[in-house]
Each structure stands twice: as structure tokens, then as C-alpha cells.
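Trainee: Generate a structure from the sequence data that follows.
(one chain, ligands or ions: 3)
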Amino acid sequence: MAKVYVFDHPLIQHKLTYIRDKNTGTKEFRELVDEVATLMMFEITREMSLKEVMVETPVASAKAKVISGKKLAIIPILRAGIGMVDGILNLIPAAKVGHVGLYRDPQTLKPVEYYVKLPSDVHERELILVDPMLATGGSAIAAVDSLKTRGAKNIKFMCLIAAPEGVEEMKKAHPDVDIYIAGLDEKLSEQGYIIPGLGDAGDRLFGTK
Ligand SMILES: O=P(O)(O)OC[C@H]1O[C@H](OP(=O)(O)OP(=O)(O)O)[C@H](O)[C@@H]1O
Ligand SMILES: O=c1cc[nH]c(=O)[nH]1
Ligand SMILES: [Mg+2]
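Mentor: Residues are numbered from 1 along each chain as shown. Ligands and ions are numbered 1, 2, ... in the order given. All right, here's what the predicted structure looks like:
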């Protein structure tokens with residue numbers, strides 16, 4: 001069964017409040033999303049495995065540790081997921097980046113896929129799928145379907161804000177994908193917006209409204 005983590009770190013919660021604020025403009029919104037993505041990634045990487053190596057300090061030889069295990073790829077769901085990529089690359093600069101393009105049809109709320117480009121070794125990598133919003137869950141579920149169809153086996157999903165309805169759907173559809181959330185909200189509106197949420201993440205990131 002998928003594990004669901006809600007990050008209660010004070011810095012994440014503080015920044016998320018300003019991301020939600022309707023008076024936060026595009027420039028600051030973008031910067032805050034970037035910063036929260038870095039902080040969330042810092043928490044997620046706590047689980048990374050280490051191996052021992054020897055290092056020569058100016059004083060002596062020492063047993064020390066470096067990261068081992070699977071290499072990472074970050075997969076933003078276009079468009080809004082792009083806002084989280086640089087913040088993650090700050091910590092893992094060598095990660096590859098794949099893209100899954102999806103939009104949610106405004107009438108049916110069903111996801112429509114329009115673009116997929118992934119690293120060729122996607123089946124060997126640990127994938128961090130990112131999107132600021134998990135609302136009905138349709139987009140994240142479709143993105144994971146798309147990744148699995150292309151051979152992905154090891155996927156985590158990271159979002160800023162989730163609705164309980166979306167979390168349940170995602171757990172049902174993909175019990176092998178753990179979910180990392182900064183804010184777990186109350187519910188979905190009839191139009192499929194997260195309440196209280198932050199509005200339309202893509203529009204706020206790119207200033208398209
Ligand atoms: O859980 P769901 O109900 O599927 O909703 C969440 C999706 O909706 C938003 O994307 P949108 O369709 O607005 O596309 P955009 O990122 O291009 O703005 C958001 O970034 C998610 O991808
Ligand atoms: O509240 C929501 C729901 C879906 N997509 C968004 O950008 N915001
Ligand atoms: Mg949008």
C-alpha cells in the first residue's frame with residue numbers, strides 16, 4: 001500500500017502559506033514554489049542509501065560516506081510541474097529530467113496527454129514525478145500510467161497541495177507509488193478545484209490569467 005507523507009516542517013508550512021495567498025504575484029510565487037520543492041526534496045532524500053568510501057583529508061585517511069543506489073530522474077507534469085524542477089536540481093544537479101505533458105479538460109476534468117519525453121534508461125532510475133496539485137488525481141494517475149507503460153518501475157509522487165479525494169484515487173490506482181505532500185487540504189469544489197488550495201497553479205506560475 002502506498003505511503004502518504006505530509007511534510008510539517010515549519011519552513012515548508014510558512015512558505016506554503018505565501019504560495020496560497022492570492023496577493024502573491026507571479027515572481028514571488030515562482031520563487032516560493034522553487035524553495036518549497038528544494039525543502040521537500042531534502043526531506044525525501046533522507047531515505048537515500050549510502051556506501052562507505054575512503055577519503056584523504058589533509059590530516060589522515062578517513063572512512064566516509066557517499067550516496068549510492070539508483071540514479072534519479074525528475075519528471076514534471078507540464079505545465080505546472082516545471083515550476084518544481086529547478087528547486088530539485090539545486091540538490092541533485094546530475095538528475096535527468098523527463099517530461100509528461102497533460103492538461104485537465106475543463107469540462108470533463110479528465111486528463112489529456114499531449115507530450116512525453118523520458119530518459120532512455122527510465123526503467124533503471126528512481127523517478128520523482130512532480131506537480132504542484134493533486135486534485136481529482138486524474139492527471140497524476142495518467143502520468144504514472146504513462147511512465148509505467150514506458151518501463152518505469154520505481155516512482156514517487158511529490159506535490160505541494162493535495163485533496164483527500166485525489167490521494168485516495170491515486171492510492172487505489174497506484175499502490176506502489178508513495179505520495180509526498182506539503183499541504184493536505186479539505187476537499188474538492190464542484191469545479192474540481194482544491195479548497196482552499198492556491199487557485200490554478202499553472203496560471204499563477206506563468207502569469208497566464
Ligand atoms: O488531479 P487533477 O484533477 O487531474 O488536477 C490536477 C492537474 O491540474 C493542473 O494542471 P492543468 O490541467 O491546469 O494544466 P497546466 O499545468 O498546463 O495549467 C495541475 O497542475 C495538475 O496537473
Ligand atoms: O485547485 C486546482 C486543481 C487543479 N489544478 C490546479 O491548478 N488547481
Ligand atoms: Mg493549470
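Trainee: three-state assignment of Thr136?
Mentor: Secondary structure state of Thr136, per DSSP: H, G, I helix; E, B strand; the rest coil, is coil.
Trainee: Check it and give its pLDDT.
Mentor: On pLDDT, Thr136 comes in at 98.
Trainee: From ligand 2, how far off is it?
Mentor: Going from Thr136 to ligand 2 by C-beta to the nearest ligand atom, to the nearest Å gives 8 Å. For the C-beta atoms, the positions are set from N, CA and C on the backbone; glycine is no exception.
Trainee: I'd say that residue and Gly166 touch.
Mentor: Yes - between Thr136 and Gly166 there is a contact at 5.7 Å, judged by C-beta atoms under 8 Å.
Trainee: Need the residues touching each of those two.
Mentor: Leu188 (C-beta atoms under 8 Å, 6 or more residues apart in numbering).
Trainee: These two - which one has more neighbours?
Mentor: The neighbour count for Thr136 versus Gly166, taken as other C-beta atoms under 10 Å, is higher for Gly166 (27 against 20).
Trainee: isn't there a helix covering the more buried one?
Mentor: Yes - assessed by three-state DSSP, Gly166 belongs to a helix.
Trainee: The longest helix along the chain and ligand 1 in contact?
Mentor: What stands out as the longest helix in the chain, according to DSSP state H, is helix 26-44. No - using C-beta under 6 Å from any ligand atom, helix 26-44 never reaches ligand 1; the gap is at least 11.3 Å.
Trainee: Pull the distance from that helix to the chain's centre.
Mentor: Relative to its chain's centre, helix 26-44 lies at 10 Å (C-alpha atoms, centre = their mean, to the nearest Å).
Trainee: Put the alpha carbons of it into PDB.
Mentor: Taking Å, rounded to 0.1, in the frame of the first residue of the first chain, the C-alpha atoms of helix 26-44 are listed here in PDB:
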ATOM      1  CA  THR A  26       4.000  35.700 -10.200                       C
ATOM      2  CA  LYS A  27       7.600  36.400  -9.400                       C
ATOM      3  CA  GLU A  28       7.300  35.600  -5.700                       C
ATOM      4  CA  PHE A  29       5.000  32.600  -6.400                       C
ATOM      5  CA  ARG A  30       7.600  31.100  -8.700                       C
ATOM      6  CA  GLU A  31      10.400  31.700  -6.200                       C
ATOM      7  CA  LEU A  32       8.400  30.200  -3.300                       C
ATOM      8  CA  VAL A  33       7.500  27.100  -5.300                       C
ATOM      9  CA  ASP A  34      11.100  26.600  -6.200                       C
ATOM     10  CA  GLU A  35      12.100  26.900  -2.500                       C
ATOM     11  CA  VAL A  36       9.400  24.500  -1.200                       C
ATOM     12  CA  ALA A  37      10.400  22.000  -3.900                       C
ATOM     13  CA  THR A  38      14.000  22.100  -2.600                       C
ATOM     14  CA  LEU A  39      12.900  21.700   1.000                       C
ATOM     15  CA  MET A  40      10.600  18.800   0.100                       C
ATOM     16  CA  MET A  41      13.300  17.100  -1.800                       C
ATOM     17  CA  PHE A  42      15.700  17.500   1.100                       C
ATOM     18  CA  GLU A  43      13.200  15.600   3.200                       C
ATOM     19  CA  ILE A  44      12.700  12.900   0.500                       C
END
